[in-house]
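Visitor: Could you work out the structure for the sequence below:
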Amino acid sequence: MVASKAQQAATAERRAKAIRMKIEGATYTQIADALGYASRSAAHMDVKRSLERHVVEEGLAIEAWRELELARLDTLQQAIWDKAMSGDPRVIEAALKILDRRAKLLGLDSAIKLEVLTVDALDAQIQRLEAELNAAAIAAVDSEAGEAPPPPGTTS
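Guide: Take a look at the predicted model:
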């Protein structure tokens, strides 16, 4: 049975409220009680489905939760920003912690992995690949001639 436009709008509004409450730190039990869900798990599933629907469009399951945490950080930062900019040392410290958490969440502080290849390592890799190609060519010639290839790890 297809829901009416009014029912769809009411469902979308309730989901938006549930997501907003979750962003603000409400538990699923609190969300269920406040918005009339049958249970904590019903509220959890509705929020999860709503987030997953957006995630499927974006292609990443984790992105929904990352966005949720970023929205929380945005809300916190916005609440203290003016005081931080006025120079209150305690609030500046709190703002820096928020900024640090955001950087970690986004992977901005992660080390960049560099792999350095030496000429010797490249030469060794080339020799290994040439040996594999030669072995494959010999096996192909042997199979064309009707000979069984030697077992792996043996030489002919």
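
Visitor: From here on, just use CA atoms for contacts and neighbour counts.
Guide: Fine.

Visitor: pLDDT weak spots in the protein?
Guide: Scanning the chain with the threshold set as pLDDT under 70 gives 1, 54-62, 112-115, 145-156.

Visitor: quick one, domains of it?
Guide: With domains defined by automatic domain parsing, the chain comprises 1-59, 63-112, 115-156.

Visitor: got CSV for the ones you listed, with mean neighbour count too?
Guide: Shown next, in CSV, are the domains of the chain (neighbours: other C-alpha atoms under 10 Å):
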stretch, mean neighbour count
domain 1-59, 15
domain 63-112, 14
domain 115-156, 11
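
Visitor: Going by secondary structure, the closest residue to residue 21 other than its chain neighbours is in what exactly?
Guide: Distance criterion C-alpha to C-alpha, 6 or more residues apart in numbering; nearest residue to residue 21, sequence neighbours excluded, is residue 31 at 6.7 Å. Following DSSP states H and E, the helix or strand that holds residue 31 is helix 28-35.
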